[in-house]
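Trainee: Please find the sequence and the predicted model below.
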Amino acid sequence: MATVKRWIDAASAVLVVGFCAGVFFTLQTVMAHRYVEYGMYRMALAAAAQQLSKWVLLTAGGAVVVVPLVVIFLRPLLRLAGPVRGFIERHRGRCALIAAVGLTAVFAALMAADALWLIGDVPAVNYALGDLGVLVVLLSWLMAVRYRAEGRPSKVLRMAAACALVAAIAPWIVTGADKKMHPPGGPSVLFIIVDTLRADHMSCYGYGRKTTPCVDLFAKEATLFKNAIAAAPWTSASIGSMITGQYPAAIGIELFGSSLKESVRGMMGPRFVTLAELFRERNYTTRGIVSNVHIGSRMGFQQGYEAYEESDARAADYISSPSVTAKAIRFLKEHGGEKFFLFVHYFDPHYDYILHENYNYFPEYRGRFFSDQQHVDLLKRIPEVLPDDLRYITALYDSEISFTDEYIGRLLDTVRKLGLYDDLLIVFVADHGEEFLERGTIGHGGTLYQEQVHVPLIVKLPGQKEGRVIDEYVGLIDMMTSTAAWAGVAMPRGYEHDGEPIDAGNPASLRGREIVSETTHVDHPAESVTREGWKLVFDRKTSAQMLFDLAGDPGELANRTGDSEPERERLHSILRSWDEQIEPKRPKGKQRQPKFSEEQLKDLKSLGYIQ
């Protein structure tokens, strides 16, 4: 009986320690995300549910593993060291306390030196070491409390454990009840982003090839924005801007060259509210299905999602559209009866360009270039590219677009069959475009010309039956506020953002918008502003300015700085004002850096982001 009571006391102590750790990390999470400041109390409750249950289970599991190991390895040592054993037996409470204080000090020193996050290159190992360190410290204090309190009544401990158990379970119960009592009032949302899709290679945007028949059909019942401009010409910065309403400069995610240590700097900070958090706060079921490591959980893009599928974020030669679509369809079949926010990301148009036989747009080609050619190799052979070679490379890109379009069509067909289509808010957009030797290279990330920042944006509002086209220029910086407005969801109080809603029913309200884009690429750091068809590109490295009249020169071939000084000065003044406003928002000091696994680093290398 005494043994049973001791085990009950030990289990109670473990539960209390785990609960205390959960409370600590809950407060840390809530403060980091500023949920209370923004009035996002449901997200704060969700954080409590996750952290409390996680640390109760971790501490219990740690106790089950660590305590027997301590007993197994420590007892033989104590038998060999008689005097030491005698001293510990007589003063074990004091010794346990000293050990706990010492371990805590060591762990705190390692944390302060950032050592736990610098050991090795595998993030999973780093995080495991961090969790193990926390568990060792907690269990050391558990043993200290146990020995210091030996012989004292254990009723208080058991009661505390019971209260901790109830408190750990309560957030889940409250969250479930709240979701039933306060269901979302707005429509469900399907948010589709296609990676590396330039607008002028889609047939619904006037391209000569019928590359996107499925999206074309969708566009006939939606609003097509002819002139949507991305905030950045690469994935993390552009999508980060879309889902937070912040410029890339404020987020702090930057692209620097192609060396291993400087390919990507920064990651999504918890202080930014994401679209997923916005909808989850309104009791929507949130799911993300992505296929690019640059918007994976290592980069912080999982914020707000109850589940974030990223198993399809692989190397450049992996064809992901079938799997991404299957996962999205499975979610719709399982959760179609709920109000949901579903983010689906398609990657296949991104290099390496792979030929899909059903969409072979240049079957007679017999040149030196080939399907699935590594992007790095492609870049090395640019001087050898002949006109037919460029036609073939472009045909491969178009083949990827058509293949992706086929699977987007399957997804939309499922939405229709499930009876969700009419009332659904559907947003279709791309993160950036792609260059094919317009400026001497193939790819994206390095310039702000239209081939890299002009992207498709097609929106079907709930109940919309007829298509329409809006010619005014809009920026993807406005996607967060616009999606919220289209769904009837209010922005969090006190959350400062740069985006403003797009009123699709009033195109005149969009005239005169100042759309800023930027790239921090080490070779071509630049920023641009587009307003009413005029565009100014400012090279930060050389201070060169290029002015283009997009209406008369969509290919940006004629620099008009010499004969349109008023326009140049007006746009340059806008950029100077933007720089002054954005500078205080730029992250200062050391920023959190993404920690990719060895496999992810290999994938990034295959994608051409690192060498």
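Mentor: Thanks, I have it.
Trainee: check contacts around the residue positioned nearest the centre of the chain.
Mentor: Centroid-nearest residue in the chain, with Cα atoms, centre = their mean: Phe301, separated by 2.0 Å. Under the criterion of Cβ atoms under 8 Å, 6 or more residues apart in numbering, the contact list for Phe301 reads Ile239, Gly240, Ile243, Met268, Thr274, Gly288, Val290, Ile295, Tyr308. C-beta coordinates here come from the backbone N, C-alpha and C atoms, glycine included.
Trainee: my read is the first one is in a helix, agree?
Mentor: Yes. Counting by DSSP: H, G, I helix; E, B strand; the rest coil, Ile239 is found in a helix.
Trainee: Count the neighbours of it for me.
Mentor: 31 (other Cβ atoms under 10 Å).
Trainee: these two touch, right, it and Asp431?
Mentor: Yes. Look at Ile239 against Asp431 with Cβ atoms under 8 Å: they come within range, at 5.2 Å.
Trainee: Could you tell me which residues touch both of these two?
Mentor: Ile193.
Trainee: So, low pLDDT: which residues of this structure?
Mentor: Residues of the chain that meet the criterion pLDDT under 70 lie in 1-10, 13, 61-154, 156-157, 255-266, 522, 589-611.
Trainee: what about 80?
Mentor: Within the chain, the segments meeting pLDDT under 80 span 1-21, 24, 55-161, 164, 253-268, 315-316, 521-524, 587-611.
Trainee: how long is stretch 192-210 from one end to the other?
Mentor: Separation of the first and last residues of stretch 192-210 by Cα to Cα, to the nearest Å is 20 Å.
Trainee: May I see the buried residues of that stretch?
Mentor: 192-205, 207, 209 (16 or more other Cβ atoms under 10 Å).
Trainee: now stretch 333-350
Mentor: Result for stretch 333-350 [16+ other Cβ under 10 Å]: buried residues 336, 339-350.
Trainee: what's the span of it, first residue to last?
Mentor: Taking Cα to Cα as the measure, stretch 333-350 stretches 29 Å from start to finish.
Trainee: next one: stretch 362-369
Mentor: Start-to-end, stretch 362-369 (Cα to Cα) is 12 Å.
Trainee: And the contacts of it?
Mentor: Stretch 362-369 has contacts (Cβ under 8 Å, 6+ apart) with Leu378, Arg381, Glu384, Val385, Leu386, Asp388, Asp389, Arg391, Tyr392, Ile393, Ala395.
Trainee: closest to Lys541 among these?
Mentor: Leu378 (24.9 Å; Cβ to Cβ).
Trainee: Please determine how far the closest one is located from Ala316.
Mentor: Noted for Leu378: a distance of 11 Å to Ala316, by Cβ to Cβ, to the nearest Å.
Trainee: Could you name every residue contacting both of those two?
Mentor: Counting by Cβ under 8 Å, 6+ apart, the contacts common to Leu378 and Ala316 are Tyr351, Asp352.
Trainee: need the contact list for Gly186.
Mentor: Arg282, Lys339, Leu425, Ala487, Gly488, Val489.
Trainee: Keep only those of those residues that are in strands.
Mentor: Leu425 (DSSP state E).
Trainee: Farthest pair within the contacts of Gly186?
Mentor: Counting by Cβ to Cβ, the most remote pair of the contacts of Gly186 is Arg282 and Leu425, 13.2 Å apart.
Trainee: rewinding a little: may I ask which two of the buried residues of stretch 192-210 are separated the most?
Mentor: Top of the distance list for the buried residues of stretch 192-210 (Cβ to Cβ): Ile193 and Arg209, 22.1 Å.
Trainee: any idea how far the residue lying closest to Pro507 once chain neighbours are set aside is from Glu500?
Mentor: Leaving aside its sequence neighbours, Pro507 sits nearest to Ile470 (Cβ to Cβ, 6 or more residues apart in numbering; 4.9 Å). Ile470 is 16 Å from Glu500, where distance means Cβ to Cβ.
Trainee: and these two? which has more neighbours close in?
Mentor: Ile470 (20 against 15).
Trainee: need the contact list for the more buried one.
Mentor: Residues in contact with Ile470 (Cβ under 8 Å, 6+ apart) are Thr223, Leu224, Phe225, Lys226, Ala504, Pro507, Leu510.
Trainee: and of those residues, the nearest to Gly409?
Mentor: Distances from Gly409 to the contacts of Ile470, taken by Cβ to Cβ, are shortest for Leu224, at 16.7 Å.
Trainee: number of nearby residues for that closest one?
Mentor: When counting by other Cβ under 10 Å, one arrives at 24 neighbours for Leu224.
Trainee: so where does it fall, helix or strand?
Mentor: Per DSSP states H and E, Leu224 falls inside strand 223-229.
Trainee: Likewise for Arg287?
Mentor: Arg287 belongs to strand 285-289, assigned by DSSP H and E.
Trainee: and that strand, which strands flank it?
Mentor: Strand pairing for strand 285-289, determined by DSSP bridges: strand 307-309 (parallel), strand 340-346 (parallel).
Trainee: distance of Ala230 from Val429?
Mentor: For Ala230, the distance to Val429 (Cβ to Cβ) stands at 9 Å.
Trainee: If you could redo that for Val415, that was the one I meant.
Mentor: 17 Å.
Trainee: Next: Thr59.
Mentor: 44 Å.
Trainee: and those two? which has more neighbours close in?
Mentor: Using other Cβ under 10 Å as the criterion, Thr59 and Val429 rank with Thr59 on top: 26 against 23.
Trainee: Does that one touch Ser12 like I think?
Mentor: No. Thr59 lies out of contact with Ser12 (Cβ under 8 Å); the separation is 12.0 Å.
Trainee: How about the secondary structure of Tyr473?
Mentor: What three-state DSSP gives for Tyr473 is strand.
Trainee: In space, what's closest to it - neighbours in sequence excluded?
Mentor: Asn227 (4.4 Å).
Trainee: Repeat that for Glu310.
Mentor: Gly296 (4.7 Å).
Trainee: Looks like the one you found contacts Ile289 (just checking).
Mentor: No. In this structure Gly296 lies outside contact range of Ile289 using Cβ under 8 Å: 11.6 Å.
Trainee: So between those two, which is more surrounded?
Mentor: Taking other Cβ under 10 Å, Gly296 and Ile289 do not tie; Ile289 has more neighbours (25 against 20).
Trainee: Once you drop chain neighbours, what's closest to that one?
Mentor: Glu309 (4.5 Å).
Trainee: first to last residue in stretch 178-185, what's the distance?
Mentor: Start-to-end span of stretch 178-185 (Cα to Cα) is 14 Å.
Trainee: what sits up against that stretch?
Mentor: Residues contacting stretch 178-185 (Cβ under 8 Å, 6+ apart): Arg42, Leu45, Phe279, Arg282, Asn283, Tyr284, Lys339, Gly488.
Trainee: In TSV: those, plus distance to Glu514.
Mentor: Formatted as TSV, these follow (distance: Cβ to Cβ, whole Å):
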residue	distance to Glu514
Arg42	35
Leu45	39
Phe279	28
Arg282	31
Asn283	36
Tyr284	32
Lys339	35
Gly488	27
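Trainee: Okay, and which of those map to helices?
Mentor: Secondary structure from DSSP state H places Arg42, Leu45, Phe279 of these in helices.
Trainee: quick one: Met181 from Gln545, how far?
Mentor: 58 Å.
Trainee: How about Thr59?
Mentor: From Thr59 to Gln545 the distance is 60 Å (Cβ to Cβ).
Trainee: And Glu400, by the same measure?
Mentor: 35 Å.
Trainee: Settle it for me: which of those two has more neighbours?
Mentor: Applying other Cβ under 10 Å to Glu400 and Gln545 shows that Glu400 carries more neighbours, namely 29 against 15.
Trainee: With that, I have no additional questions.
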